[in-house]
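>>> Requesting a structural model of the entry that follows:
(one chain, ligands or ions: 1)
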Amino acid sequence: MGLEQCRIIQLPRFQDPSGDLTFIEGTHHIPFDIRRVYYIYGVPAGSQRGAHGHRELQQLIIALSGSFDVVLDDGRSKQCFQMNSPYNGLYVCPMMWRNLVNFSSGAVCMVLASEHYDEADYLRDYDRFLIEARGQET
Ligand code: T46
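Predicted coordinates for the structure are as follows:
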């Protein structure tokens, strides 16, 4: 697993003078079944979210409203994705450290997740993350 697997997925978009519609079907538009949905909102200016990795979890991160940046780090290199469109989702593969920063006022971040919530899947210590991430490299 590496940064090269993480990418922006353009989602279906039906444009209409009365408004646009986007939909997402697990395994059709994204590479996993959706077992959980959560959203982050009301983020104060200057605050950041994330700062952890996941051992197994796959996610799709969408800026439903407003904008924010997602910085992904696989232990070797980092990439910043600017999220500002409700029809683009960022696919995040396992073993990826993520920081969500630069939230605009009123931003809503929706996340589709491949697994139910499991604290044991989190890597919240960066040094531990590096050990496990680099241990998977061969
Ligand atoms: C991620 C980024 C983008 C639950 O009880 N169930 C849940 O499904 C989630 C996501 C969180 N929680 C609890 C655990 C904590 O007590 O909600 C509290 C806040 O969670 P956390 O500090 O992990 O929130 P973020 O915004 O730093 O991270 C979240 C996700 O946890 C994480 O998987 O990738 O959003």
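>>> From S114, how far out is the closest residue to D33 other than its chain neighbours?
Nearest non-adjacent residue to D33, counting by C-beta to C-beta, 6 or more residues apart in numbering: G26, 4.3 Å away. Just so you know, the C-beta spots here come from the backbone N, C-alpha and C atoms, and that holds for glycine as well. When distance is defined by C-beta to C-beta, to the nearest Å, G26 is 9 Å away from S114.
>>> Just the element for A133, please.
Assigned by DSSP states H and E, A133 belongs to helix 126-135.
>>> what residue is smack in the middle of this structure?
Nearest to the mean C-alpha position of the chain, counting by C-alpha atoms, centre = their mean, stands I61 at 3.6 Å.
>>> so what's the residue lying farthest from the centre of the chain up against?
The centre of the chain is farthest from one residue, P17, which by C-alpha atoms, centre = their mean lies 30.0 Å away. If you count contacts by C-beta atoms under 8 Å, 6 or more residues apart in numbering, P17 has none.
>>> secondary structure class for it?
Under DSSP: H, G, I helix; E, B strand; the rest coil, the three-state class of P17 is coil.
>>> Could you list the contact residues of this protein toward the ligand?
Counting by C-beta under 6 Å from any ligand atom, the chain comes close to the ligand at 36, 38, 40, 49-50, 59, 98, 100, 111, 117.
>>> which one of these has the most neighbours?
When neighbours are counted by other C-beta atoms under 10 Å, Q59 leads these with 25 neighbours.
>>> Excluding covalently adjacent residues, which one is nearest to that one?
Nearest residue to Q59, sequence neighbours excluded (C-beta to C-beta, 6+ apart): V92, at 4.6 Å.
>>> in the protein, what secondary structure element scores lowest on mean pLDDT?
None of the helices or strands of the chain scores lower by mean pLDDT, DSSP states H and E than helix 126-135, at a mean of 94.
>>> For that helix, list the C-alpha coordinates in CSV.
What follows is helix 126-135, C-alpha atoms only, in CSV (Å, rounded to 0.1, in the frame of the first residue of the first chain):
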residue,chain,number,x,y,z
TYR,A,126,3.4,8.6,14.4
ASP,A,127,6.6,6.7,15.3
ARG,A,128,4.5,3.5,15.7
PHE,A,129,2.9,4.2,12.3
LEU,A,130,6.3,4.5,10.7
ILE,A,131,7.5,1.2,12.1
GLU,A,132,4.4,-0.6,10.8
ALA,A,133,4.3,1.2,7.5
ARG,A,134,7.9,0.5,6.8
GLY,A,135,7.6,-3.0,8.0
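>>> Fine by me, thanks again.
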